[in-house]
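Novice: please find the sequence and the predicted model below.
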Amino acid sequence: MDASPVVELRGVSRVYGRRATTVRALDNVDLAFPAASWTAVMGPSGSGKSTLLHCAAGLERVSAGSVAVAGADITGASDAELTRLRRTVVGFVFQSFNLIGSLSAEQNVAMPLRLAGRRPARREVREVLASVGLADRARHRPRELSGGQQQRVAIARAMVTRPAVLFADEPTGALDTASARMVLGLLREMVDAAGQSIVMVTHDPAAAASADRVVFLRDGRVVDRVEQPTARAVADRLARLEE
Amino acid sequence: MLRMSWTTFRDHWPIFVGAVVSVCLGVALVQSSLLLLVSAATADAPGSAAAAEGYEVAITLLAMILGVSSFVAVFIVSSTFAFTVAQRRRDLALLRLTGAGRGQVRMLLLGEALLLGLLGSALGILFGLPVMRLETMMLDAFGFVPSGFAGEWRSWIVWVSTGTGVLVALCGVLAASRRASRIRPLEALRETGEGARVMTASRWVVGLLFAGGSVAMMAVVQAVGGEAALPISIFISFTLVIALAALAPLVVPLVSWPFGLLFRGRLGRLAHANLRAGVRRSAATAAPVMVLVGLVAGLSGTLATLTEGTRQESLRTIAADLVVTADRPVGAVLAGIDGVGTVSEEVPVPFQLGWDADDDVYDTTEGLAVDPAAYAATHRVAVTAGSLADLRDGTVALDPGYASEMGWQVGGALHVRLDGTPRDLRIVALLPDTLAGPYFLLPADTAPAGGARRYVVQVDGDVSTVAGRIGEQGLGVVTVDDWVRQTADDEQRTDIDIMAALLGMSTLYTVIAMVNAVVIAASDRYGEFATARVSGLTRGQVVVTALAESLAVVTVGVLLGLLAAAGTVIGIALAVRDMIGITVVAVQWPLLVALALGAAAVVGLTSVLTTAVATRTPPIRLVAARD
């Protein structure tokens, strides 16, 4: 197993605005996400957790510091390089509007491969859909699927390129408890069985409890960590943070 | 990527319908105009000079129709795509997030445009056949072509039409596709506020550029004058309108602001707020109204001003009482009538004006053969150089403003062809700048022996009695006032016809654009209407609010269009004053009122229909979270 972290941030700061109205969304953050492991990032609103995700995934440029994904430094990468990253190394799942409405589930899942210029075999796509339990809904459009089913298709799409790391931004935020539990179970299985690395931002202690570790942010800085979290412990730490 | 273009196209077809229709119409017009143009250009040698001139005018008109229809089609396609990119920001950002490069997003939009172009071309080629018949009928009705004229089908036109349709669609999508490629993948996760900016840099550039260009050209109209005044004024109409359309997102909210005073009550305030908040939507709906009113008011105002200026100039320069028109020489008869004073015989003489003797390039034009003494007595003409008295065999008096670049001077030579024979005429006098003409005065001996002519008559005694006596001789006689009015109208007839053809087409296009804007705007507001209904408005109230909003937008468009037209008309009025010293501005109010009401009807009806359709589903389904 590779011991080097799959995503590493060193001295990362992200600053918005000018002199009088400067906002330090991230303030000198040093963080390493280990491979084959699931890390949850939590914090009160305004703590910078979404910004952290965006910077780690190359969606936003950092104001200071360096970001490395799968061993490659992406701090000053060009748009073309970042695009290549999004096709091969990185996958995304987020809270809602994950799928393109005019395409079927199958076509949505096949999209990253098509964009990379490959002709995905039907079988390959069906297999990935089957792994999330939706092989029978391959031809359906997103509007014909429930919220939980849509999220599973989104996960399938994110996984079809076998990315080194999966970034998830509130993946269960819009789901009811049953669907949320199913999605979290799916993610857990991916980590345990296939050694997938996951970085997840969430505000829900129950979701964070499925992860291997939780990192807490406040005011753009890492303030706490918990290994092998339980929902209760996480909720406790979170409440303490907000005091 | 092309497959995705197809699915997008198929799924969002209501948005694209307007663009397809305008491409279809554009291709049909281009195809039929081109075929007719080629047929006219390669037609057998026409019988007379008038027929040849008719063909020339027909060719010019067809070329203008070709140009205007492609331009407007590009305009409509481009605003459709601008809207659809704004609407699909999230989807396009998602594409980028899942690994699409900038070029691929661009390809997606170009693919949609390609499909649009192909579909529009296919329909346009079919539609082009009846359109060609219509255009031929129009040219025949205006008298530009002989009755048997018909356009001939050429097999290569299919390629040209397809190419035109595709080209129009691709040109229209260029700006939108670049904006789409700039969408950042982050926008799939959250709003970055960049999409909200409607007044983009390119709009600023185009708007200011065209506004500056219009002002520059108004100065040119004043400097050049003469025959070029009308075409340049038409051009100014276009550029002013384009400038305002480009700056619409800036100007429309400004002009909408005072409407707050008009709109009272809950619904009124809501309508006003929507009007000012939905900048993109308001600007997109106001722009075609603005274009229509600006063009029609500008062109018709220009024409009316020129006609009025011509009429006043004629009245000022003619120092006589009656005009007798005859188709044979009747000078002797007139001289014998009691009460008839000085008679000036004036015969129109068509000739060919040589621009360059070496190159053998000639233009057909017309001069007036006169007796200099009689002419000077019955017309107030202040020559700027030389003397009219010197007008005899082999000489000519002319208005140098006809073609100021030639630099005609007294003593110089004018190379012409009279009745086919090349001659050099010596210039003996320079006439002042004129709108009404004549631009060339020729000696009496160049007049053909027979043929149509007129006699300008000064009367000693009672005008109506003498007129009666002339009438008894079987001659057509009218007062100077009447004659001036008739001639001014006749001379502008050709221009009026051309303008009517162009305006008719522009009106059709802008109506399509108006309906298109309202339809695609409404398709975006399903959620907004649902929210309004859930907050307590009834369905009827939502429709009325939307209607009030659209009518306000139409009013804004009309006002801005009038502003653009005012610029054009003022420009031409200044030019006329410069040329002939008469200040005149004429506006055709009935036409404008009819236009404004028509636009209001079209937009209002479309708004009511689309809002009714948009509020068809129970609002809760659109507003509530999905299970």
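Specialist: That came in fine, so what should we check first?
Novice: ok, now which ones touch the one residue sitting closest to the centre of chain A?
Specialist: Central residue of chain A (CA atoms, centre = their mean): A:Phe167, 1.7 Å from the mean position. Residues near A:Phe167 by CB atoms under 8 Å, 6 or more residues apart in numbering or on different chains: A:53, A:56-57, A:90-93, A:199-200. To be clear about C-beta, it is placed using only N, CA and C from the backbone, and glycine gets the same treatment.
Novice: try it again at 6 Å.
Specialist: By CB atoms under 6 Å, 6 or more residues apart in numbering or on different chains, A:Phe167 lies in contact with A:53, A:57, A:92, A:199.
Novice: distance check, the closest residue to the first one other than its chain neighbours against chain B.
Specialist: Right, the one you point to is A:Leu53. With sequence-adjacent residues excluded and distances taken as CB to CB, 6 or more residues apart in numbering or on different chains, A:Leu53 is closest to A:Val201, at 5.0 Å. Distance of A:Val201 to chain B, computed by CB to the nearest CB, to the nearest Å: 10 Å.
Novice: so who does A:Val201 touch?
Specialist: So A:Val201 contacts A:41, A:49-50, A:53, A:169 (CB under 6 Å, 6+ apart).
Novice: any chance of the residues you listed in a markdown table, plus neighbour count and pLDDT?
Specialist: Output for those, formatted as a markdown table (neighbours: other CB atoms under 10 Å in any protein chain shown; pLDDT from 0 to 100):
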| residue | neighbour count | pLDDT |
| --- | --- | --- |
| A:Val41 | 26 | 93 |
| A:Lys49 | 26 | 88 |
| A:Ser50 | 22 | 88 |
| A:Leu53 | 23 | 91 |
| A:Asp169 | 23 | 90 |
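Novice: out of the residues you listed, who's nearest chain B?
Specialist: A:Asp169 (6.1 Å; CB to the nearest CB).
Novice: look up which residues are beta-bridged to the closest one.
Specialist: A:Phe94, A:Val201 (DSSP bridges).
Novice: and it, how far is that from A:Asp30?
Specialist: As judged by CB to CB, to the nearest Å, A:Asp169 and A:Asp30 stand 22 Å apart.
Novice: what do you get for B:Gln31?
Specialist: B:Gln31 is 68 Å from A:Asp30, by CB to CB.
Novice: can you check B:Ile582 too?
Specialist: 83 Å.
Novice: show only the entries of the contacts of A:Val201 found in helices.
Specialist: Within the contacts of A:Val201, membership in helices is found for A:49-50, A:53, as judged by DSSP state H.
Novice: flag every buried residue along the longest helix seen in chain A.
Specialist: Looking across chain A with DSSP H, the single longest helix is helix A:177-194. Buried residues in helix A:177-194, counted by 16 or more other CB atoms under 10 Å in any protein chain shown: A:179-184, A:186-188, A:190-191.
Novice: out of those residues, which is nearest to chain B?
Specialist: For the buried residues of helix A:177-194, the nearest to chain B is A:Ser179 (9.6 Å; CB to the nearest CB).
Novice: check which helix or strand the residue nearest to that closest one when sequence neighbours are not counted maps to.
Specialist: Nearest-residue entry for A:Ser179: A:Gly148, 2.7 Å, with adjacent residues in sequence omitted and distances by CB to CB, 6+ apart. If you go by DSSP states H and E, A:Gly148 is part of helix A:147-159.
Novice: name the helices or strands packed onto that helix?
Specialist: For helix A:147-159, the packing partners by 3 or more CB pairs under 6 Å, 6 or more residues apart in numbering or on different chains; DSSP states H and E come out as strand A:90-94, helix A:105-115.
Novice: now these as a markdown table including mean pLDDT?
Specialist: A markdown table is the format used below for those (pLDDT from 0 to 100):
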| stretch | mean pLDDT |
| --- | --- |
| strand A:90-94 | 89 |
| helix A:105-115 | 88 |
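Novice: need the winner for burial among the ones you listed.
Specialist: strand A:90-94 (a mean of 26; mean count of other CB atoms under 10 Å in any protein chain shown).
Novice: can I get that one in CSV, CA atoms only?
Specialist: C-alpha atoms of strand A:90-94 as CSV (Å, rounded to 0.1, in the frame of the first residue of the first chain):
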residue,chain,number,x,y,z
VAL,A,90,-10.1,13.1,-9.5
GLY,A,91,-13.8,12.4,-9.2
PHE,A,92,-16.6,14.7,-7.8
VAL,A,93,-19.9,14.1,-6.1
PHE,A,94,-21.8,17.0,-4.6
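Novice: and it, how far from the chain's centre?
Specialist: Remark: strand A:90-94 is offset 5 Å from the chain centroid, using CA atoms, centre = their mean, to the nearest Å.
Novice: what's the angle from it to helix A:147-159?
Specialist: Per axes from the mean of the first three to the mean of the last three CA atoms, to 10 degrees, the angle that strand A:90-94 makes with helix A:147-159 is 170 degrees.
Novice: give me the contact list for strand A:90-94.
Specialist: Contacts with strand A:90-94, where a contact means CB under 6 Å, 6+ apart, come from A:57, A:154-155, A:158, A:163, A:165-169, A:171, B:97, B:189.
Novice: find the nearest non-adjacent residue to the residue in chain A that chain B sits nearest to, please.
Specialist: Chain B sits closest to A:Arg87 of chain A, with a gap of 3.4 Å, by CB to the nearest CB. Excluding its sequence neighbours, the residue lying closest to A:Arg87 (CB to CB, 6+ apart) is B:Gly99, at 3.4 Å.
Novice: can you name the residues of chain B sitting close to chain A?
Specialist: Within chain B, the residues that sit near chain A (CB under 6 Å from any CB of the partner chain) are B:7-8, B:11, B:90-91, B:97-101, B:185-186, B:189, B:626.
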